[in-house]
Each structure stands twice: as C-alpha cells, then as structure tokens.
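# I'd like to go over a predicted model; first the sequence, then the structure.
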Amino acid sequence: MQAGLTVAILGATGAVGTRMLAQLAQSTIPVKAVKLLASSRSAGKSLTFRGQSLTVEATTAASFAGVDLVLASAGSMVSKQFLPVAVEQGAVCVDNTSAFRMVPTVPLVVPEVNAGALREHHGIIANPNCSTIQMMVALNPIRQAVGLKQIIVSTYQAASGAGQSGLNEFYQEARDYLNGQQMTAKIFPTKGDQRHYPLAFNLLPQIDVLEDNLYSHEEWKMIHETKKIMLGDMNANDIKVTATCVRVPVPFSHGESIWIDTGRPDATVAQLHQALATAPGVVLQDDPQHQLYPQPLNATGTRATYVGRIRPDLENPGAFNLWVVADNLLKGAAWNAVQIAECLVAEGLIHAVA
C-alpha cells in the first residue's frame, strides 16, 4: 500500500461496509493501511483490499489507535459509542448512521451540494440518509439555476435499505411465494416495530417507526436533512418539504417521484435540462420519444444519480415533476462517504496521526 492514511472501516462486513471498502480501493485517497472493524461475531472473517487479504477485528476503544480516518456504518449505537473515542485519538470520522446528523455542530454533507460545510467539522461528519442524498444531488442544480420553494417527494425504496438481513428476508419471501409457501416477515417494515409484513410482491408505506405526528421517521429525516443540507438549519422555512416513503420489492436502488415549485412561473423544462446536463454526479436520462428514463436495474452498481421524466405541472406554472434513481448502497451510502473523505483530503482537512 502507498504511503498515506490509516483507514478504519467500522461495520466492515455489512452491506454498506463491504462497499465502503470497495469504493475506498477505487478512490483517490492515499491509503497506508486499512483496519476492518466489526462486532465480535464477525471477527476473524477475511476481506480483500487491493489484492491483499485483511482480517476483520472485533471493535474496541483500542482499535482506533493510530487511525487517521474512520468510515462508519455499524449502526447508531455503535457510532455513538466509538466515534467520539476515535476523534479523541486523532481520527476524522465519516458516519453513515443517523447518530450525529441532526447535531448542529456536525456537518451533514453531500459533496455536490455543500462540501464547504466540511471546513467546520470537529472530527465527525455525517453522511445523510440515502433517500435524501440522491434528492439533493438532483435538486441542487435546479435550485441554483431557477430557484426552489417547495418539495413534495414520494420514495420507492429498495429492500437493501434495511441492510443485508432485510435483503435476505426479501429474497427468501420471494422464493417462498413463488413456491406456494407461507412468507415469514421478521424485519419489514422496520425491525423494531410491533408488526411485520412481507415485502415480496407488496408495497409498505412505512420506513422506520411511525411518529406521533403521523409521519414515519424516514419521512422526518428527508424533511429536516434537506433543510440542514441546503439551508444550514434543519428547521428553516425557506424551502417547504414533505415526504411519503415507501418500501418496494426491488433489491437495489431507490426511486423518487419529486414535485417541486421553483417559485419562477417562467421556468422551463429546457432550463432544468440545461442545469442538470452538466451537474456533478448527475446523469440526465430524459428522452420520452425513445422511452429513456432512469431505472433501478440500470442504476445499480454505479455512483451516479439519474434524473428523467422531467415535465411541467400543467396546473401550476413554475412547478415540475421529475423521477430520480440512484444506488442506495453506493451514492446513498458508501460512495458518498468515501467522496466526503476525498474532499477532506483534497482540502487538507485530514492529516496522518503519526
């Protein structure tokens, strides 16, 4: 490995952790050494980084000695327990959980939108929710070009958003259904809730727990993360946001149907196309005559955010509908985290501990 940073992957054996390792291997980050950290039940497993076999270690406070960068995706409780310890030992942490997203002093970053917020970090940077990330990549160029007053989004979120265990349950349900057997649900719509329903051949209008205000916590995240990323304040009123989040029987890549009001009655589809065509991280797929539009199957395994089906709201001048798709485990998680780390390195905001 080349001279550079010692990087720890916290939650290395999970659906996101394995992809973090793969994205790190393809990144511009100078890597001196990699430590793979997970729970004790995963300790001893082997993963490969740039052709070298690495052994997974059980995570302890001592695991972060000499670590410069932590990429974390092992659950909120694990992040809350270990990331402050890592920071105390000199590491900069990029966290893919919800543990620190709404902490006012922790930057919540989508590099294409608010990379400048990284300059204010105090050791921890939060990776936004997967569904929020792709929406921000798609809408920020529009906001910059013609403005943005309101967002109404309905998500079509893949099974893998619930992690490897959720994906495995979805596959098993599909097999059972096709074989005429009873489907057993233990995870969806969310593992910690009272009741569970099959996802295979079904739609579940609940992701995460349902709050007292009748919104799910996933919907709450999309509303307040959007405001924090775009406006710097999770409760800002300059952009109105509402969301309906639905789990769908698709393995990978979230879809989103988004309605926006630009506040500009003279805004046109051509202006939106122009803004998106050269936007970083965006692939414009919008050719109705040839039925070209984003699809989860085509987005899976790629880093881009795909945008199409852009059309005016015929009843509301200045309002538009669009369809957005991205791989929830890459741009929605692993790649966004590694991309943040690339920005930290490029801006000189992370240095080797020793």
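Perfect, thanks for sending it. Numbering: from 1, shown residues only.
# C-alpha from now on. contacts and neighbour counts both.
Will do.
# the closest residue to residue 272 other than its chain neighbours: which element?
Once flanking residues are discounted, residue 272 sits nearest to residue 142: 6.0 Å by CA to CA, 6 or more residues apart in numbering. According to DSSP states H and E, residue 142 maps onto helix 130-146.
# for residue 83, same thing?
For residue 83, the element it lies in under DSSP H and E is helix 76-88.
# go on, residue 48?
Secondary structure assigned from DSSP H and E places residue 48 in strand 46-49.
# now the strands for the stretch 51-200 of the chain?
All strands of the stretch 51-200 of the chain, identified by DSSP state E, counting those that start in this stretch, fall at 52-58, 69-72, 92-95, 124-126, 150-157.
# could you dump those strands into TSV with mean neighbour count and distance to residue 345 added?
Converted to TSV, those look like this (neighbours: other CA atoms under 10 Å; distance: least, CA to CA, whole Å):
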stretch	mean neighbour count	distance to residue 345
strand 52-58	16	23
strand 69-72	28	10
strand 92-95	28	11
strand 124-126	25	13
strand 150-157	22	32
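# tell me which of those strands lies nearest to residue 184.
Each of the strands of the stretch 51-200 of the chain has some distance to residue 184 by CA to CA; the shortest is strand 150-157, at 20.4 Å.
# elements contacting the closest one?
Secondary-structure packing of strand 150-157 (3 or more CA pairs under 8 Å, 6 or more residues apart in numbering; DSSP states H and E): strand 240-247, strand 254-261.
# buried set for the last one?
Right, strand 254-261. Within strand 254-261, the residues that count as buried by 16 or more other CA atoms under 10 Å are 254, 255, 256, 257, 258, 259, 260, 261.
# and the fifth one, what's its pLDDT?
pLDDT for residue 258: 99.
# residues touching the closest residue to it other than its chain neighbours, list them.
Of all residues not flanking residue 258 in the chain, residue 153 sits nearest, at 4.4 Å (CA to CA, 6+ apart). Residues near residue 153 by CA atoms under 8 Å, 6 or more residues apart in numbering: 241, 242, 243, 244, 256, 257, 258, 259.
# now do residue 341
Neighbour list for residue 341: 29, 94 [criterion: CA under 8 Å, 6+ apart].
# which SSE is it in?
Applying DSSP H and E, one finds residue 341 within helix 335-346.
# so how far is that helix from its chain's centroid?
Relative to its chain's centre, helix 335-346 lies at 14 Å (CA atoms, centre = their mean, to the nearest Å).
# buried stuff in that helix?
Buried-residue list, helix 335-346, by 16+ other CA under 10 Å: 335, 336, 337, 338, 339, 340, 341, 342, 343, 344, 345.
# strands of the stretch 201-350 of the chain, start to end?
Assigned by DSSP E, counting those that start in this stretch, the strands in the stretch 201-350 of the chain fall at 240-247, 254-261, 282-284, 305-312, 319-326.
# and the ones you listed as TSV, adding distance to residue 107?
Listed next are those as TSV, based on distance: least, CA to CA, whole Å:
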stretch	distance to residue 107
strand 240-247	20
strand 254-261	24
strand 282-284	22
strand 305-312	22
strand 319-326	22
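# mind pulling up the pLDDT for residue 3?
On pLDDT, residue 3 comes in at 60.
# scratch that, residue 288 is what I was asking about
Among the per-residue scores, residue 288 holds a pLDDT of 95.
# how about it: what's its closest non-neighbour residue?
Closest to residue 288 by CA to CA, 6+ apart is residue 309, at 7.4 Å.
# neighbours around the one you found, how many?
Neighbourhood size, residue 309 [other CA atoms under 10 Å]: 20.
# gap between it and residue 316?
To residue 316, residue 309 is 17 Å away according to CA to CA, to the nearest Å.
# check residue 173 too.
Distance from residue 173 to residue 316, by CA to CA: 42 Å.
# okay, those two: which has more neighbours?
Ranked by neighbour count (other CA under 10 Å), residue 173 and residue 316 place residue 173 first, with 21 against 10.
# tell me the contacts of the more buried one?
183, 184, 185, 198, 199, 200.
# residues near the fourth one, how many?
Neighbours of residue 198 under the rule other CA under 10 Å: 21.
# got it, and residue 323?
Neighbourhood size, residue 323 [other CA under 10 Å]: 25.
# in this structure it contacts residue 255, no?
Yes - if you go by CA atoms under 8 Å, residue 323 and residue 255 touch, sitting 7.1 Å apart.
# and the nearest residue to residue 332 once chain neighbours are set aside, how far from residue 162?
Nearest-residue entry for residue 332: residue 130, 3.9 Å, with adjacent residues in sequence omitted and distances by CA to CA, 6+ apart. According to CA to CA, residue 130 stands 11 Å off from residue 162.
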